[in-house]
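Colleague: with the input below, show me the fold.
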Amino acid sequence: MATGAKTGGRTKGTVNKTTSELREKFSLLLGNNFDKLQSDIDLLEPKDRIKTILELAKFVVPTLRAIELSTENENGINPVVINLGNGISPEEIRHIQAELEKKY
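Modeller: Residues are numbered from 1 along each chain as shown. Purely as a prediction, here's the structure:
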């Protein structure tokens, strides 16, 4: 048998059956308990509420991969720019927290 030759298994791009079933069951679990989940989140302090919502968003909104770019400057310093996409900036999070704290 030649080494490196792949035989059988899933074809590239095919969703893993177990992963697919798990996602479907998790989606049903959330759907069946949405009202309870919402009322539990409503009981949290504003900062904990935001943290929880951001954590839950990871399951719904695709996570953006950081992109790194480096260029050499005239003085030999290599600045690094990390693009996190169109996510929420720390300043926006502070603003949201301040607004929520005003309400509660």
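
Colleague: pLDDT below threshold where in this structure?
Modeller: 1-8, 10, 13, 68-87, 104 (pLDDT under 70).

Colleague: for the helix or strand hosting residue 29, list every residue counted as buried.
Modeller: Element membership of residue 29, judged by DSSP states H and E, is helix 17-32. By neighbour count with 16 or more other C-beta atoms under 10 Å, helix 17-32 contains no buried residues. Where C-beta positions appear, they are placed from N, C-alpha and C, glycine not excepted.

Colleague: which elements pack onto the following helix or strand past it?
Modeller: On the C-terminal side of helix 17-32, the closest following helix or strand by DSSP H and E is helix 34-42. Judged by 3 or more C-beta pairs under 8 Å, 6 or more residues apart in numbering; DSSP states H and E, helix 34-42 is in contact with helix 46-57.

Colleague: rewinding a little: who touches the helix holding residue 29?
Modeller: With C-beta atoms under 8 Å, 6 or more residues apart in numbering as the test, helix 17-32 has contacts from 37, 59.

Colleague: so that it lines up with my notes, have the first residue be 10 from now on.
Modeller: Renumbered: residue one is now 10, and that last one reads helix 26-41.

Colleague: got the contact list for residue 68?
Modeller: residue 35.

Colleague: where does it fall, phi/psi-wise?
Modeller: Main-chain dihedrals, residue 68, degrees, to the nearest 10: phi -90, psi -10.

Colleague: again with the one 3 residues further on
Modeller: According to degrees, to the nearest 10, the main-chain angles of residue 71 amount to phi -60, psi 140.

Colleague: give the burial count for it, as a bare number.
Modeller: 7 (other C-beta atoms under 10 Å).

Colleague: and what of residue 63?
Modeller: By other C-beta under 10 Å, neighbour count at residue 63 equals 13.

Colleague: again with residue 98
Modeller: Residue 98: 10 neighbours (other C-beta under 10 Å).

Colleague: go on, residue 61?
Modeller: Neighbour tally, residue 61, other C-beta under 10 Å: 14.
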